[in-house]
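Novice: kindly return the folded structure for what I paste below:
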Amino acid sequence: MRKTIILLISVLFLSGCATLDSIRLVNRERLLQLSIGMTKQEVLKIMGTKRETDGFQTINNPYRSETLQGKDKTFEVLYYYTDKKKADDAITDDELTPLVFEEGKLVGWGWGFLQENIQKYEIRWR
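Specialist: The predicted structure follows:
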């Protein structure tokens with residue numbers, strides 16, 4: 001009986017608690033499945049769109065999104081939690097990976113790509 005109770009508690013604990021680290025690692029693995037030209041819907045199917053929880057903190061997946069308007073271009077950017085810079089349970093911009101869409105198609109991802117296009121198209125950004 002005691003073993004059964006311990007087993008039940010272990011199963012409930014493990015099945016209910018994804019960690020922020022596991023969310024981050026899964027998102028990093030999913031990035032490897034992306035390719036330029038994918039539709040936003042294809043990307044969302046791979047990367048996910050649900051709220052994830054670690055038992056203490058709930059995050060959105062994607063973590064956030066925004067539209068960036070430039071001189072000649074409009075980009076939609078989805079940010080996914082993929083990196084851990086500090087073990088403080090706070091998710092900062094440098095722990096997110098931006099996925100950049102133009103007219104509903106994935107045109108690139110990563111901070112380098114985003115920064116390059118912000119400069120190239122004179123986008124006002126934070």
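Novice: what segments of the chain are helices?
Specialist: With DSSP state H as the criterion, the chain has helices at 2-16, 20-31, 40-47, 111-120.
Novice: lowest average pLDDT across those helices?
Specialist: Ranked by mean pLDDT, the helices of the chain bottom out at helix 2-16, with a mean of 43.
Novice: which residues sit in contact with the residue most central in space within the chain?
Specialist: Centrality entry for the chain: nearest residue to the mean C-alpha point is Tyr80, 1.4 Å, by C-alpha atoms, centre = their mean. By C-beta atoms under 8 Å, 6 or more residues apart in numbering, the contact list for Tyr80 reads Asn27, Leu31, Met47, Asn61, Pro62, Tyr63, Leu96, Thr97, Leu99. Just so you know, the C-beta spots here come from the backbone N, C-alpha and C atoms, and that holds for glycine as well.
Novice: can I get those residues in CSV with neighbour count and distance to Ala87?
Specialist: Formatted as CSV, those follow (neighbours: other C-beta atoms under 10 Å; distance: C-beta to C-beta, whole Å):
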residue, neighbour count, distance to Ala87
Asn27, 21, 18
Leu31, 17, 22
Met47, 19, 24
Asn61, 19, 20
Pro62, 21, 22
Tyr63, 19, 18
Leu96, 20, 17
Thr97, 21, 19
Leu99, 26, 25
